[in-house]
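Undergrad: following is a predicted model, sequence given first.
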Amino acid sequence: MPIINRIAEYFNDMKEWRQHIHANPELMFDTRETADFVVGKLKEFGVDEIHEGIAQNGLVAIIRGQGAGPVIGLRADMDALPMSELNNFDHKSKIDGKMHACGHDGHTTMLLGAARYLAETRNFSGAVALIFQPAEEGGGGGQVMCQEGIMERFAIDQVFGVHNAPNFPVGQFMLNPGALMASADTFEINITGKGAHAAYPDQGIDPIMVAVQITQAIQTIRSRNVPGLENLVISVTQVHAGTTDNIIPETAFIGGTVRNLNRETRAKVPELMQRIVDNTAAAFGATAVLDYEMGYPVTMNDPEKAAFAANIARDVAGADLVLDNIPPEMGAEDFSYMLEERPGAYLFIGQGEGANVHHPEYDFNDEINPIGASYFVKLVEAAQPVNRM
């Protein structure tokens, strides 16, 4: 596997950086210590500009190459998850209830490795914008950074990102030329009936019955309103009602998520769900209020940029370890907001066997740090070669 030799020499340093970040997890937008650590390393590397305080604790660093040219964006996420770690190694999380269980510590490290090399060699034209983002895990930090104008402010023309993939071969790259990951919307339904003694249900309006009927009926959105070959998942994940066995409660609550790969279908779901909620509640004499929130959009790779990324991955890993047309998955990723702003591509890098992401025994595999860093560097050098006239 042709990892860049100089980056291979960074292995021990990158492992140390990654394990430091892992041991000191931070959540959502509150990534101040992680950002300070990143800034310290970037200053050591001699990058040209560091712009802090974007989306609270996000930052963008600029490395200029040789001569004029465009700006390519490379993104890594920095935040952890609100869960307790069950591992017992030395770099285990120091903070109970916070854990790097999705590999953002590794993503940040891979981009730091690429930054170190790019600042040393500058074997590219134009500039590189290194995007270190907070709040991927539910906060939409990528959206906030875009809303605060990073694409325009730093004249970014294209943007690329990576995510680790447990239980796939070490160094295997996986992507496709279109919808790679689903949109992720959420819904809450608050139902109001009429409380009563459970021995006299005729004197009340049972919101639990309404909740049951709505829960069943919204599944028909997928089975009766969407073409059979199209991907749509509607999952009710919360149902809350009642306090004891002999009282029909006044209210009930339903919550869940909707995942989809088609923008047109995604736009129709709230209206279809609203119709079911309103009419089902009315049939029972109850009322129901739907609160539907559009979350992360579809992670949509640009076909041309995906093909380019796949070729770079082949250069790093070899053709046998690159799958360039994998089926999309129903998980979500807020790099999608950046792909709505600029063409680019997102891909997965296999990290070998182990606990899956969001599991309390997960850990990022440091063996893939040089692989990801080499991929980032070769992207830059191929996209923006130096004009040697």
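TA: Yes, it's here. Numbers count the residues shown, from 1 in each chain.
Undergrad: for residue 230, see how far away the residue sitting nearest the centre point of the chain is.
TA: Ranked by distance to the mean C-alpha position of the chain (C-alpha atoms, centre = their mean), the top residue is residue 333 at 2.7 Å. When C-beta to C-beta, to the nearest Å is the yardstick, residue 333 and residue 230 sit 20 Å from each other. Where you see a C-beta, it was placed from the backbone N, CA and C, and this is true even at glycine.
Undergrad: quick check: beta-bridge partners of the closest residue to residue 285 other than its chain neighbours?
TA: Distances taken as C-beta to C-beta, 6 or more residues apart in numbering place residue 205 nearest to residue 285, at 5.1 Å, with adjacent residues excluded. Listed by DSSP bridges, the beta-bridge partners for residue 205 are residue 194.
Undergrad: residue ranges for the helices of the protein, please.
TA: Along the chain, the segments classed as helices by DSSP state H run 5-8, 11-23, 32-45, 104-121, 141-147, 150-153, 207-217, 220-225, 263-284, 303-317, 335-341, 369-383.
Undergrad: mean pLDDT, mean neighbour count and distance to residue 98 added to these, as a markdown table?
TA: Formatted as a markdown table, those follow (pLDDT from 0 to 100; neighbours: other C-beta atoms under 10 Å; distance: least, C-beta to C-beta, whole Å):
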| stretch | mean pLDDT | mean neighbour count | distance to residue 98 |
| --- | --- | --- | --- |
| helix 5-8 | 95 | 16 | 30 |
| helix 11-23 | 98 | 19 | 10 |
| helix 32-45 | 98 | 17 | 11 |
| helix 104-121 | 98 | 25 | 12 |
| helix 141-147 | 98 | 22 | 16 |
| helix 150-153 | 98 | 17 | 26 |
| helix 207-217 | 98 | 19 | 33 |
| helix 220-225 | 94 | 14 | 35 |
| helix 263-284 | 96 | 16 | 32 |
| helix 303-317 | 98 | 20 | 32 |
| helix 335-341 | 97 | 22 | 22 |
| helix 369-383 | 98 | 25 | 22 |
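Undergrad: will you turn the ones you listed into a markdown table that also has distance to residue 329?
TA: A markdown table is the format used below for those (distance: least, C-beta to C-beta, whole Å):
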| stretch | distance to residue 329 |
| --- | --- |
| helix 5-8 | 29 |
| helix 11-23 | 25 |
| helix 32-45 | 27 |
| helix 104-121 | 18 |
| helix 141-147 | 18 |
| helix 150-153 | 26 |
| helix 207-217 | 25 |
| helix 220-225 | 17 |
| helix 263-284 | 16 |
| helix 303-317 | 15 |
| helix 335-341 | 13 |
| helix 369-383 | 19 |
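Undergrad: which among those helices is found nearest to residue 161?
TA: Proximity to residue 161 (C-beta to C-beta) singles out helix 335-341 among the helices of the chain, at 4.6 Å.
Undergrad: from the middle of its chain, how far away would the closest one be?
TA: Between the centre of helix 335-341 and the centre of its chain there are 11 Å (C-alpha atoms, centre = their mean, to the nearest Å).
Undergrad: tell me the helices and strands packed up against it.
TA: In this structure, helix 335-341 packs against strand 71-77, helix 141-147, strand 156-165, strand 299-300, strand 344-350, with contacts taken as 3 or more C-beta pairs under 8 Å, 6 or more residues apart in numbering; DSSP states H and E.
Undergrad: count of residues packed around the nearest residue to residue 23 once chain neighbours are set aside?
TA: Nearest non-adjacent residue to residue 23, counting by C-beta to C-beta, 6+ apart: residue 91, 4.7 Å away. Using other C-beta atoms under 10 Å as the criterion, residue 91 is surrounded by 20 other residues.
Undergrad: what sits against residue 91?
TA: Applying C-beta atoms under 8 Å, 6 or more residues apart in numbering, we find residue 91 in contact with 19, 20, 22, 23.
Undergrad: residue contacts, the residue nearest to residue 125 when sequence neighbours are not counted?
TA: In this structure, residue 125 finds its nearest non-sequential neighbour in residue 69, 3.4 Å apart by C-beta to C-beta, 6+ apart. The neighbourhood of residue 69, defined by C-beta under 8 Å, 6+ apart, consists of 124, 125, 126, 127, 384.
Undergrad: could you rerun that using 6 Å?
TA: In this structure, residue 69 makes contact with 125, 126, 384, judged by C-beta atoms under 6 Å, 6 or more residues apart in numbering.
Undergrad: so what pLDDT did the first one get?
TA: It stands for residue 125. Residue 125 is assigned 97 on the pLDDT scale.
Undergrad: same check on the one 10 residues further on?
TA: Reading off the confidence values, residue 135 has pLDDT 97.
Undergrad: once you drop chain neighbours, what's closest to it?
TA: Distance criterion C-beta to C-beta, 6+ apart; nearest residue to residue 135, sequence neighbours excluded, is residue 141 at 3.2 Å.
Undergrad: how much space separates that neighbour from residue 34?
TA: Taking C-beta to C-beta as the measure, residue 141 falls 12 Å from residue 34.
Undergrad: thinking again about what came up before, neighbours of the residue nearest to residue 285, how many?
TA: Other residues within reach of residue 205 by the criterion other C-beta under 10 Å amount to 21.
Undergrad: go on, residue 167?
TA: Close neighbours of residue 167, defined as other C-beta under 10 Å, add up to 11.
Undergrad: so who does it touch?
TA: Counting by C-beta under 6 Å, 6+ apart, residue 167 makes contact with residue 353.
Undergrad: quick one on the thing from earlier: reformat the helices and strands packed on helix 335-341 as JSON lines; add distance to residue 177.
TA: Below are the helices and strands packed on helix 335-341 laid out as JSON lines (distance: least, C-beta to C-beta, whole Å):
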{"stretch": "strand 71-77", "distance to residue 177": "19"}
{"stretch": "helix 141-147", "distance to residue 177": "21"}
{"stretch": "strand 156-165", "distance to residue 177": "14"}
{"stretch": "strand 299-300", "distance to residue 177": "10"}
{"stretch": "strand 344-350", "distance to residue 177": "8"}
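Undergrad: nearest to residue 132, of the ones you listed?
TA: For the helices and strands packed on helix 335-341, proximity to residue 132 was assessed by C-beta to C-beta; strand 71-77 is nearest, at 5.7 Å.
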